[in-house]
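Student: below is the sequence, then the predicted model.
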Amino acid sequence: MTDAPLTAIADVLRDALGPCLGSSALVIFTEDCTGRPQKKAGRDSIISRVSIDELDSLRAALDGEDPWLGAAMIAGQERPVLAMKYLPSRALLVVTDPVDAGAAQGADDAGRNIVKYLWHLAARRIQEKVADAPPSYLLESRAASAERLRVTSELVDQHATTLETVAAALRSTALDDASSRATATDLVAKALVRLRTQSDRTTDLVEEPVAKAFERLREDLLPLTRFSGVDVQFIEPPLNGRALPGEVAHAARAIVRGLLLAMMDQPEVRRVRAQWDCDGENLLISVRDDGGGTLSVEAPSMGRLDRRVQALDGKMQVEVMPGWGADVSVTLPLDAPQATPADVSAWKLGGRELEVLQHLAAGQRNRSIAGALNISENTVKFHVGNIFRKMGVSSRTEAIALATSYGVR
């Protein structure tokens, strides 16, 4: 499992759990991967329909019980599920139609411990892989985030318009039965609120207000700073700073955490100051200590942090002053770099398939593609199916994100 790529980690975990815990499907919900917060394996009728809203609601309902066994709404219907959380990252594991789940819930301590151990191992591995992600993964993740937000926004606008029209009709004085209109209007109003909440939830996964991201950093580091004996000062960013893309917010917290650990590891350090700022185009990070200037730029931990910064097309500058301490400045661009066209020959797409993919990447639907290429909509569907198979993806969003990351336009 430790060597499994992110795209296959759900399949590997489901196979590993098989001897202890059978299932119809397995879903991992993790906000570490902002572009694809769901990792899924199992029955297609479940994994193709499960939603972030369902997973988020289930996680909120666990109330500290871990593992949790019961009935929950997954993929549009109520099913028996086993759910487990991973507190360090708030990741959630959901197993539908669990077989022999009693062992995982506590009747068999050995079985429960194996299930929990394997789940925690997978959740930690996801964190590590995201932390060491190459630029291509981060670019693809950003593209997937943007595409999901675009699709969700379109759906919200469409359904909101429909519901608002229904509400206006029901409020009309030309209709009879005032109590019926009032009840229907109330139901529609609640549906609108839920729809907007779901849209906001999706946006939260893609972007995070800079002040909120910084506050989360401070909360994460509270245990470390409380017992370290080092005075850690946090200089907050402006409240009206530009929201951070999810990948940038997550990386920034990891970078500051790593810098604090490296600086606290020096002798004679008594104070460290961490500051964020935003100039509208970049997140500016400054971490400074008052030690003797012994921070080693060549240390493996500093090298890992520098690679993390470079993966986001950022820059890290380290100034070490003997007798005066160290000052590290990091600049992380908020916008993804423009992708340059890459070699897509490995997908072995035909000429017409490549044309269809280019239209897909431009956000066009099947009907529009058919009209632009003067072919039938069924032919477009046939090409899209072949494209998915050759690219190794299972959805339109994944195909668009991967194509965008390769510079397909």
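Tutor: Structure's in. What do you need? This one's a predicted model, so the numbers in the text were calculated from it and none came from an experiment.
Student: show me the strands in the stretch 201-350 of the chain, by range?
Tutor: 207-208, 231-235, 244-245, 271-278, 282-289, 315-321, 325-333 (DSSP state E, counting those that start in this stretch).
Student: show me how far the longest one is from its chain's centre.
Tutor: Between the mean C-alpha point of strand 325-333 and the mean C-alpha point of its chain there is a distance of 25 Å (CA atoms, centre = their mean, to the nearest Å).
Student: circling back: tabulate the strands of the stretch 201-350 of the chain in CSV, adding columns for mean pLDDT and distance to residue 28.
Tutor: Any C-beta I mention is one placed from the backbone N, CA and C, and that applies to glycine too. Below are these laid out as CSV (pLDDT from 0 to 100; distance: least, CB to CB, whole Å):
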stretch, mean pLDDT, distance to residue 28
strand 207-208, 76, 21
strand 231-235, 91, 32
strand 244-245, 84, 22
strand 271-278, 92, 30
strand 282-289, 94, 28
strand 315-321, 92, 31
strand 325-333, 93, 27
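Student: now the ones you listed as JSON lines including mean neighbour count?
Tutor: Shown next, in JSON lines, are these (neighbours: other CB atoms under 10 Å):
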{"stretch": "strand 207-208", "mean neighbour count": "22"}
{"stretch": "strand 231-235", "mean neighbour count": "14"}
{"stretch": "strand 244-245", "mean neighbour count": "25"}
{"stretch": "strand 271-278", "mean neighbour count": "19"}
{"stretch": "strand 282-289", "mean neighbour count": "21"}
{"stretch": "strand 315-321", "mean neighbour count": "15"}
{"stretch": "strand 325-333", "mean neighbour count": "21"}
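Student: so which of those is nearest residue 78?
Tutor: strand 207-208 (32.1 Å; CB to CB).
Student: for that closest one, name the packing helices and strands.
Tutor: Under the contact definition 3 or more CB pairs under 8 Å, 6 or more residues apart in numbering; DSSP states H and E, strand 207-208 sits against strand 244-245, helix 246-264.
Student: name the SS class of residue 390, please.
Tutor: helix (DSSP: H, G, I helix; E, B strand; the rest coil).
Student: quick check: the gap between it and residue 266.
Tutor: Applying CB to CB, to the nearest Å, the value for residue 390 to residue 266 is 52 Å.
Student: on that earlier part again, redo the strands of the stretch 201-350 of the chain as TSV? Include distance to residue 179.
Tutor: Shown next, in TSV, are the strands of the stretch 201-350 of the chain (distance: least, CB to CB, whole Å):
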stretch	distance to residue 179
strand 207-208	42
strand 231-235	55
strand 244-245	48
strand 271-278	52
strand 282-289	54
strand 315-321	65
strand 325-333	56
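Student: for residue 29, find the nearest of those.
Tutor: If we rank these by CB to CB, the stretch that ends up nearest is strand 207-208, at 17.1 Å.
Student: what's in contact with the closest one?
Tutor: 216, 243, 244, 245, 246, 249 (CB atoms under 8 Å, 6 or more residues apart in numbering).
Student: rerun at 7 Å
Tutor: 243, 244, 245, 246, 249 (CB atoms under 7 Å, 6 or more residues apart in numbering).
Student: nearest to residue 291 among those residues?
Tutor: For those, the nearest to residue 291 is residue 249 (28.1 Å; CB to CB).
Student: quick one, what contacts that closest one?
Tutor: Counting by CB under 7 Å, 6+ apart, residue 249 has contacts 208, 213.
Student: swap in 10 Å and give it another go.
Tutor: Contacts for residue 249 were tallied using CB atoms under 10 Å, 6 or more residues apart in numbering; they are 34, 207-210, 212-214, 216-217, 243, 283, 332.
Student: what about the stretch 201-350 of the chain, any weak spots by pLDDT?
Tutor: 201-206, 336-343 (pLDDT under 70).
Student: let's see that with 80 instead.
Tutor: Along the stretch 201-350 of the chain, the model assigns pLDDT under 80 to residues 201-208, 220, 223-228, 240-241, 246-247, 311, 335-345.
Student: give me the pLDDT value at residue 147.
Tutor: We have a pLDDT of 55 for residue 147.
Student: meant to ask about residue 10, not that
Tutor: pLDDT, residue 10: 90.
Student: residue contacts, it?
Tutor: 4, 25-28, 38-42, 47, 93, 122.
Student: quick one: which of those is nearest to residue 80?
Tutor: The closest of the contacts of residue 10, once distances to residue 80 are taken by CB to CB, is residue 25, at 11.7 Å.
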